[in-house]
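Peer 1: With the sequence up front, the predicted model follows.
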Amino acid sequence: MTTTSDPVRKKVLLASPRGYCAGVDRAVVAVEKALEHYGAPVYVRKQIVHNTHVVATLSARGAVFVDEVDDVPPGGRLVFSAHGVSPAVREAAQVRSLQTIDATCPLVTKVHKEALRFAADDLDILLIGHVGHEEVEGTQGEAPAHVQVVDSPAAVDQVEVRDPDRVVWISQTTLSVDETMETVRRLRERFPNLQDPPSDDICYATQNRQVAVKKMAAECDVVVVVGSANSSNSVRLVEVAREQGAGAAYRVDAANELDLAWFAGAATVGVTSGASVPEILVRDVLAVLAGVGFDDVQEVRTATEDLMFSLPRELRADLREAGAEDRRPRREGRRPLDVQPA
């Protein structure tokens with residue numbers, strides 16, 4: 001942090017990893033490829049990912065975002081978002097004879113399968129997550145009679161189960177790691193025999209972005225998180241930055257939401273972005289910061305991501321039949337900015 005005696009040498013600490021995760025990349029490319037192959041309109045239930053720029057860009061290309069399957073004409077082509085859907089939504093799509101493309105993130109699908117398996121064992125399932133979030137609604141819909149949502153550590157006292165010795169927890173994939181573990185700790189105080197899922201449900205990308213912010217936050221007078229207000233993982237990054245000692249932390253959808261007053265007297269600004277944010281939005285923020293003297297950009301790297309998921313099988317089969325292939329560059333390792341390690 002800066003003191004009054006420090007010379008003001010302005011710099012930016014740029015978190016890495018940041019931006020698109022493998023599940024978001026897969027979902028966005030699925031809509032793009034569907035539009036190219038089938039032509040517009042291609043319908044998408046809810047937002048394909050939680051980012052206003054991505055949604056607006058795909059809308060301009062012919063994607064039509066709807067709230068429910070009833071908004072899609074019978075026989076239409078519908079993409080399920082990266083957040084996943086419940087069996088009831090799939091059944092409703094089948095009733096309308098919709099041609100569906102399932103862009104659910106494979107890591108979310110893993111949690112759905114856990115819920116089904118635990119329900120088959122007749123366990124009470126405590127789903128740690130945010131009420132009303134599409135991912136939580138989809139997971140809960142897999143076994144509504146067995147799943148109850150626990151949305152914060154404070155909600156633990158309201159949890160009621162049939163048998164305290166037959167309880168398991170699972171979680172939304174985009175939560176704060178620390179807050180989730182605090183919720184689990186409190187649940188285990190109430191239910192000492194609480195079972196864990198077979199593997200961590202919070203996705204690798206969510207964890208990696210939080211770790212990168214933790215590493216740089218205490219050095220930053222201000223941290224800027226690029227991401228939309230309904231992006232759970234972006235909102236969590238702001239919270240993590242504040243908890244880890246940043247002087248201030250703000251979330252912006254895009255560079256035009258920056259308030260230059262935030263940076264008055266600051267020497268070090270941290271920049272990161274949520275897992276559904278395209279890199280162009282980060283570039284725009286860095287350009288604004290460079291315009292007010294923050295042109296020394298240093299990378300803070302805590303992990304290297306090279307995971308890439310295959311496109312949804314329905315789309316992949318049609319592309320293969322047409323002789324098209326999935327040619328996506330791996331986003332990590334393509335250094336989009338000329339920066340120096342911090």
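Peer 2: Thanks, I have it.
Peer 1: Am I right that residue 202 falls within a helix?
Peer 2: No. Assessed with DSSP: H, G, I helix; E, B strand; the rest coil, residue 202 is coil; it does not lie in a helix.
Peer 1: Tell me where the stretch 51-200 of the chain has strands.
Peer 2: 63-66, 77-80, 99-102, 124-128, 147-150, 167-171 (DSSP state E, counting those that start in this stretch).
Peer 1: The last one relative to strand 124-128, how many degrees between them?
Peer 2: Orientation check (axes from the mean of the first three to the mean of the last three C-alpha atoms, to 10 degrees): strand 167-171 against strand 124-128 gives 30 degrees.
Peer 1: And the contacts of strand 167-171?
Peer 2: Strand 167-171 is contacted by residues 111, 114-115, 118, 123-129, 139, 150, 161, 180, 184, 187, 191, 193-197, 201-202 when judged by C-beta atoms under 8 Å, 6 or more residues apart in numbering. Glycine gets a C-beta too; all of them are placed from N, C-alpha and C.
Peer 1: ditto for the third one
Peer 2: The list of residues contacting strand 99-102 from outside it, by C-beta under 8 Å, 6+ apart, reads 30, 34, 75-80, 90, 93, 312-315.
Peer 1: So in terms of bridging, what pairs with the closest residue to residue 90 other than its chain neighbours?
Peer 2: Among residues not flanking residue 90 along the chain, residue 100 sits closest, at 7.4 Å (C-beta to C-beta, 6 or more residues apart in numbering). For residue 100, the beta-bridge partners are residue 78 (DSSP bridges).
Peer 1: per-residue pLDDT, residue 100?
Peer 2: Listed pLDDT for residue 100 reads 98.
Peer 1: residue boundaries of the helices in this protein?
Peer 2: 22-38, 52-60, 87-95, 106-120, 134-140, 177-190, 204-217, 232-243, 279-291, 313-321 (DSSP state H).
Peer 1: Mean pLDDT and mean neighbour count added to those helices, as CSV?
Peer 2: Putting the helices of the chain into CSV (pLDDT from 0 to 100; neighbours: other C-beta atoms under 10 Å) gives the following:
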stretch, mean pLDDT, mean neighbour count
helix 22-38, 97, 22
helix 52-60, 98, 16
helix 87-95, 98, 15
helix 106-120, 98, 19
helix 134-140, 98, 24
helix 177-190, 97, 16
helix 204-217, 97, 23
helix 232-243, 97, 23
helix 279-291, 98, 17
helix 313-321, 94, 15
